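> got a sequence here, can you build the structure:
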Amino acid sequence: MTLLKRLLTAFFLLYLAPTFAAAGWWALQDRPARWSEANWGSSSLLPRPQESKDAAVYVLSAKTGGLKGAVASHAWIVTKAKGAASYQRYDKVGWGSPIRRNHRPADTYWYSNAPELVASVTGPEAERLIPQVEAAIAAYPYAQPGDYRIWPGPNSNTFVAFVLRRVPDLGAVLPPHAVGRDFLPEGPFLVIDPDGRDVHLTLAGLIGLSAGWRSGLEVHVLGLVAGLDLARPGLKIPAIGRIGI
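Below is the predicted model of the structure:
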């Protein structure tokens, strides 16, 4: 019983307390009541594509709408070919054709929430990686109507996390509040990134862990992530995000 009490106490302190705190803060904010009232315009986070001829790859994430926005975010991928005058944006959504292309501005607000930059690669390296990103997008197995489940996945974050694992040279993982990122389409239990630097173990996205240079050390419980970032020292806090360097 002592061990059980310790486990329950650790679960409350590491997962439930931050989640309740995030939910309380969220409830105090002024939010749009409906999606039609939200701001979906450009946040101006990314440079205008005409400003540079360089190729670029960006991964962005923003808190989502409604009550789930207290603990969860939505991620998407943006690419620009060398010399291109426009961006290409890829999202997975829960309505219509799941993999959407350019259905919103590249750096849009999401339900009025400002996006954050998860990954940024430009120049010759981006030019090299864009075909790999496009191949990973094409290989995503849950790309048909109906292939969406808000929790534990596959959802929008499952899609972007799949691409990040397939293209490890992007050098990024999604933030801790990207619920659904740890659902593994590649296999039911275990995935090792192509470069061998990160390992992911999960039980249907409900409980698991990730370890490696990019992931640091993470423990996943019911879609919530707690852990340590090793590459850029910091803490990964459920529902809140990453705090550190």
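
> which ones are touching the residue nearest the centre of the chain?
Here the mean C-alpha position of the chain is nearest to the C-alpha of Leu174 (CA atoms, centre = their mean), at a distance of 3.8 Å. Leu174 makes contact with Val59, Ser61, Ser73, Ala75, Val118, Asn157, Val160, Ala161, Leu164, Arg181, according to CB atoms under 8 Å, 6 or more residues apart in numbering. For glycine as for every other residue, the C-beta is placed from the backbone atoms N, C-alpha and C.

> isn't the fourth one right up against Val163?
The one in question is Ala75. No: if you go by CB atoms under 8 Å, Ala75 and Val163 don't touch, sitting 9.6 Å apart.

> who has more neighbours, the two?
Neighbour totals were compared for Ala75 and Val163, and Ala75 leads with 29 against 22 (other CB atoms under 10 Å).

> the strand or helix carrying that one - which strands sit beside it in the sheet, and in what orientation?
Taking DSSP states H and E as the definition, Ala75 sits inside strand 73-80. Strand pairing for strand 73-80, determined by DSSP bridges: strand 56-63 (antiparallel), strand 88-92 (antiparallel).

> for Asp107, find the nearest of these.
Proximity to Asp107 (CB to CB) singles out strand 56-63 among these, at 6.5 Å.

> for the closest one, the distance to its chain's centre please.
Relative to the centre of its chain, strand 56-63 is centred 8 Å away, using CA atoms, centre = their mean, to the nearest Å.

> got the CA positions of it in PDB?
This file holds the C-alpha atoms of strand 56-63, laid out as PDB (Å, rounded to 0.1, in the frame of the first residue of the first chain):
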ATOM      1  CA  ALA A  56      12.500  26.300 -45.700                       C
ATOM      2  CA  VAL A  57      10.800  23.800 -43.400                       C
ATOM      3  CA  TYR A  58       8.800  24.900 -40.300                       C
ATOM      4  CA  VAL A  59       6.800  23.000 -37.700                       C
ATOM      5  CA  LEU A  60       4.300  25.100 -35.700                       C
ATOM      6  CA  SER A  61       2.000  24.400 -32.800                       C
ATOM      7  CA  ALA A  62      -0.700  26.400 -31.100                       C
ATOM      8  CA  LYS A  63      -3.200  25.700 -28.300                       C
END
